[in-house]
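Visitor: next comes the sequence, and after it the predicted model I'd like to discuss.
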Amino acid sequence: MFFKNLLYTPKYATLIATITALCLAIGKFIVGIISGSIAVLASAIDSLLDVGISICNFFAIKKSEQPADSKFNYGLGKLEFLAATFEGLIITCSGIYIFYTSVQKLISSHALESLSSSIGMMIVSFCVTFVLVWFLQKVAKKTHSQVIKADVIHYKVDLLSNGAILCSLAVISFSGFEKLDAILGIIIALYIIFSAFKLIKENVLLLLDRAIEPHIFARVQEILEDSPITSYHALRSRIVGNIIFINVHLVFHPDITLIEAHKICDDIESRIRAIDKNLVWEINAHLDPCDDSEFDVIL
């Protein structure tokens, strides 16, 4: 049980992804050079980039897990977003390179050799990547780690590209239409660039303290409206990794005792945390004896 819990952590998930990507990169490079397939070589370059990205992610997660200190009072959780943004930029660069190389290959003519070894390598790569995506999805669902979510997107792109390359190599072996290798490389490159843009956009928003998802925010509002308080205001939220920060002012009747107000506040916080017990909730509730919302300044 201890080993299983250790395995399903962001830090060790990135370590497993690194080792997997390195093995696939070596295999693809060898086969790609032998066969001359631009699609296999492009996939090898992508796998090599995966190695570098996963290493960066490992150290980013390790650093972000460090407790808060006197210099960083809220910890280093945002390092995950920086790592994921960097990952998106690297993916974009690899997509541009694959696009350029594919166009060059489309213009020129170069015969492919040893197609059977290329097909065999891509079958292995597809199966291994499929298992890796399944594993990373389980870790992402359990931990809500943005870096692991980024890795899931990244390796899903790899899975699709591996499948597409495998199909194209099979078609080439039967039809002899070798330019399909370059055409597929262009399609893969465009898909990689599009996926990377979405990844960068999401993590930049998180770096800018994006609010929680609308459906979760609506549940928080329902709990507040269903609580024995006069009203509430200044409800704000932000996300850092798997931590959700909630700030709110709760208005009570002026005659209520402090201990009664505190009990109600504790109950509200418990109900909010029950929305998703896999998340860490940092709730800061300010107790007001009257509605002073007109004096609030939203920063």
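Guide: Cool, the structure landed.
Visitor: just the helices in this structure please.
Guide: According to DSSP state H, the chain carries its helices in the segments 2-7, 10-35, 38-64, 79-107, 115-143, 146-175, 180-207, 214-225, 258-273.
Visitor: just the pLDDT for Ser161.
Guide: As predicted, Ser161 sits at a pLDDT of 76.
Visitor: contact partners for the closest residue to it other than its chain neighbours?
Guide: Counting by CB to CB, 6 or more residues apart in numbering, Ile188 is the residue found nearest to Ser161 once chain neighbours are left out, at 4.6 Å. C-beta coordinates here come from the backbone N, C-alpha and C atoms, glycine included. For Ile188, the contacting residues are Ala39, Ala42, Ile98, Ser161, Ala164, Ile165, by CB atoms under 8 Å, 6 or more residues apart in numbering.
Visitor: quick one: which of these has the most company?
Guide: Ala39 (32 neighbours; other CB atoms under 10 Å).
Visitor: now the helices of the chain in a markdown table, with distance to Ala285?
Guide: Output for the helices of the chain, formatted as a markdown table (distance: least, CB to CB, whole Å):
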| stretch | distance to Ala285 |
| --- | --- |
| helix 2-7 | 32 |
| helix 10-35 | 30 |
| helix 38-64 | 26 |
| helix 79-107 | 26 |
| helix 115-143 | 27 |
| helix 146-175 | 26 |
| helix 180-207 | 24 |
| helix 214-225 | 10 |
| helix 258-273 | 5 |
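Visitor: and these, which one's lowest on average pLDDT?
Guide: helix 2-7 - the lowest mean pLDDT of the helices of the chain, at a mean of 50.
Visitor: hmm, back to that, how near is the residue nearest to Ser161 to Leu205?
Guide: Distance, Ile188 to Leu205, by CB to CB, to the nearest Å: 27 Å.
Visitor: over to Ala189?
Guide: In terms of CB to CB, Ala189 sits 25 Å off from Leu205.
Visitor: repeat that for Ile275.
Guide: Counting by CB to CB - Ile275 and Leu205 are separated by 21 Å.
Visitor: show me which of the two is the more surrounded one.
Guide: Between Ile275 and Leu205, Ile275 has the larger neighbour count (other CB under 10 Å), namely 16 against 13.
Visitor: Phe217 is in contact with that one, correct?
Guide: No. Judged on CB atoms under 8 Å, Ile275 makes no contact with Phe217 at a distance of 10.1 Å.
Visitor: which one in this protein is furthest away from the centre?
Guide: Asp255 (48.6 Å; CA atoms, centre = their mean).
Visitor: which parts of stretch 168-182 are buried?
Guide: Buried residues in stretch 168-182, defined by neighbour count with 16 or more other CB atoms under 10 Å: Ser168, Leu169, Ile172, Glu178, Leu180, Asp181, Ala182.
Visitor: hmm, which two among the residues you listed are most spread apart?
Guide: Taking CB to CB as the measure, the buried residues of stretch 168-182 span a maximum distance of 12.7 Å, between Leu169 and Ala182.
Visitor: pull the residues that contact stretch 210-217.
Guide: Val220, Arg236, Ser237, Arg238, Ile239, Ile244, Ile275, Asp276.
Visitor: now the second one: closest residue in space, sequence neighbours ignored.
Guide: Right, Arg236. The shortest distance from Arg236 to any non-neighbouring residue, by CB to CB, 6+ apart, is to Asn247 (4.7 Å).
Visitor: show me what Val248 is bridged to.
Guide: Following DSSP bridges, Val248 is listed with bridge partners Ala285.
Visitor: and it, what pLDDT?
Guide: 93.
Visitor: do the one 5 residues further on as well
Guide: For His253, the model assigns a pLDDT of 88.
Visitor: can you get me a residue count around the nearest residue to Ala140 once chain neighbours are set aside?
Guide: In space, and not counting its chain neighbours, Ala140 is closest to Ile148: 4.3 Å by CB to CB, 6+ apart. Neighbours of Ile148 under the rule other CB under 10 Å: 26.
Visitor: next one: Ile148 from Ile119, what distance?
Guide: Taken as CB to CB, the span from Ile148 to Ile119 is 31 Å.
Visitor: now Ala13
Guide: In terms of CB to CB, Ala13 sits 30 Å off from Ile119.
Visitor: more neighbours: which of the two?
Guide: Ala13 (28 against 21).
Visitor: contact partners for that one?
Guide: Leu7, Phe135, Leu136, Val139, Ile148, Asp151.
Visitor: need the nearest residue in space to the fourth one, chain neighbours excluded.
Guide: What that stands for is Val139. Ala13 (4.3 Å).
Visitor: dump the buried residues of stretch 168-182 to a markdown table, plus distance to Glu225.
Guide: Conversion of the buried residues of stretch 168-182 to a markdown table gives the following (distance: CB to CB, whole Å):
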| residue | distance to Glu225 |
| --- | --- |
| Ser168 | 56 |
| Leu169 | 59 |
| Ile172 | 62 |
| Glu178 | 65 |
| Leu180 | 59 |
| Asp181 | 60 |
| Ala182 | 59 |
